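1. Pasting a predicted model and its sequence here:
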Amino acid sequence: MSNAKRQIGDQTLKGGIQGVICYLLWKSKLDRELIFMLMPISATVLAWISTKIGDPELACLFISDKDKDQK
């Protein structure tokens with residue numbers, strides 16, 4: 001699979017995780033303004049996690065440093 005397709009999958013996965021986080025916070029009756037403020041923070045945390053697991057330059061979970069070096 002190409003890096004572009006893996007990155008699309010990665011971004012979709014992180015968006016789905018954010019959706020679940022938002023849903024759970026909404027169901028817990030948390031203040032909606034706080035939820036709105038937490039969404040960019042959760043995106044930043046997910047991107048940071050991606051740099052630790054996958055390619056740090058792309059912030060992608062599915063593309064490793066090894067894949068980048070092979071090109």
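-> Yes, it's here.

2. what secondary structure does the most centrally placed residue in the chain sit in?
-> Central residue of the chain (CA atoms, centre = their mean): K14, 3.3 Å from the mean position. Put simply, K14 is helix when judged by DSSP: H, G, I helix; E, B strand; the rest coil.

3. Show the model's pLDDT score for L46.
-> L46 is assigned a predicted lDDT (pLDDT) of 90.

4. Find the helix or strand that it is a member of.
-> helix 32-53 (DSSP states H and E).

5. Residues contacting that helix, please?
-> Contacts to helix 32-53, defined as CB atoms under 8 Å, 6 or more residues apart in numbering, come from residues D10, K14, I17, Q18, I21, C22, L25, W26, L58, A59, C60, L61. Every residue, glycine included, has its C-beta placed from N, CA and C.

6. Among those residues, name the ones in helices.
-> Within the contacts of helix 32-53, residues falling in helices by DSSP state H are D10, K14, I17, Q18, I21, C22, L25, W26.

7. how many neighbours does V45 have?
-> For V45, the neighbour count with other CB atoms under 10 Å is 15.

8. Ok, D55 next?
-> D55 has 22 neighbouring residues, counting by other CB under 10 Å.

9. Find me the pLDDT at it, would you?
-> With respect to pLDDT, D55 scores 73.

10. Beta-bridge partners for it, please?
-> With DSSP bridges as the criterion, D55 is bridged to C60.

11. sorry, back to before: among the contacts of helix 32-53, which two are most distant?
-> W26 and L58 (30.3 Å; CB to CB).

12. For those two, indicate the residue with more neighbours.
-> More neighbours surround L58 than the other of W26 and L58, with 17 against 11 (other CB under 10 Å).
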